[in-house]
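>>> Sequence first, then the predicted structure:
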Amino acid sequence: MKLFLIRHAEAIDYETESVRTDELRYITPKGRKISSTVFKSLKDYLLDLDKVFTSPLIRAVQTAEVLASTLKYKHDVEIANELLLNGSVAKVAQLLKRNTVFNSIALVGHEPLISLLIEGLSDKKEPNFQFKKSGVCFIEFDADKGTGLFQWFYDYKNSQYIK
């Protein structure tokens, strides 16, 4: 299956007058714009998405909604507790194994889990890039084997693919 790992867009700092907890942080207008630009740039890769799973935290859900809107995604974005900050590679691997009916899946989540997923679900053991906000990684994943082949990471600041 095609597996796209997506880190949520830039969010407000949690130390504001109205937002006092990490769970309530939402994406900024700049984050929304950057993620929309990234998804438009990767549209050819992402158009055939069968399923989008997101962490239940607001900033991840909003990023997944930007993805769905940009791609005119026709299905529901689904919450996956496995993608929470305290999630594990093993739980995400089980989520993927339960969803082998899909050929192309996007997971929207947080650091450090997203980087751990690269190392735990692919042959890329020491990524030579930082998984920045609105970053996207593509892995050809075999759910039966529980591993995959790292294909690329899209560096939106330089508009380049890192292999």
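Perfect, I can see it now.

>>> my guess is residue 12 meets residue 28, correct?
Yes - between residue 12 and residue 28 there is a contact under CB atoms under 8 Å: 5.8 Å. (C-beta placed from N, C-alpha, C; glycine too.)

>>> Which stretches in the chain count as helices?
Secondary structure of the chain (DSSP state H): helices located at 29-41, 43-46, 58-71, 89-98, 113-121.

>>> mind saving the C-alpha coords of the last one as CSV?
Going back to what we said before, that points to helix 113-121. As requested, the backbone C-alpha atoms of helix 113-121 are provided in CSV (Å, rounded to 0.1, in the frame of the first residue of the first chain):
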residue,chain,number,x,y,z
LEU,A,113,5.7,9.5,16.6
ILE,A,114,5.8,10.4,12.9
SER,A,115,9.6,10.1,12.8
LEU,A,116,9.4,6.9,14.8
LEU,A,117,7.0,5.5,12.2
ILE,A,118,9.5,6.1,9.4
GLU,A,119,12.1,4.1,11.3
GLY,A,120,9.6,1.4,12.5
LEU,A,121,7.7,0.9,9.3
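
>>> Touching that helix from outside, list them.
3, 5-7, 83, 85, 87-90, 92-93, 96, 107, 109, 124-127, 131, 135, 137, 139, 141, 146-148, 150 (CB atoms under 8 Å, 6 or more residues apart in numbering).

>>> Apply 7 Å and report the result again.
5, 7, 83, 85, 87, 89, 92-93, 124-125, 127, 131, 137, 139, 141, 147-148, 150 (CB atoms under 7 Å, 6 or more residues apart in numbering).

>>> And for the shortest one?
Contacts to helix 43-46, defined as CB under 7 Å, 6+ apart, come from residues 4, 39, 71, 138.

>>> run the last query once more with 10 Å
2, 4, 6, 38-40, 52, 67, 70-73, 104, 106, 136, 138, 151-152, 154 (CB atoms under 10 Å, 6 or more residues apart in numbering).

>>> Kindly report the same for the fourth one.
Outside of helix 89-98, the residues within contact range by CB under 10 Å, 6+ apart are 1, 3, 5, 51, 53, 80-84, 87-88, 102, 105, 107, 109, 113-114, 116-121, 141-144, 146-148.

>>> Just the buried positions in it, please.
Buried residues in helix 89-98, counted by 16 or more other CB atoms under 10 Å: 89, 91, 92, 93, 95, 96.

>>> Sounds good, over and out.
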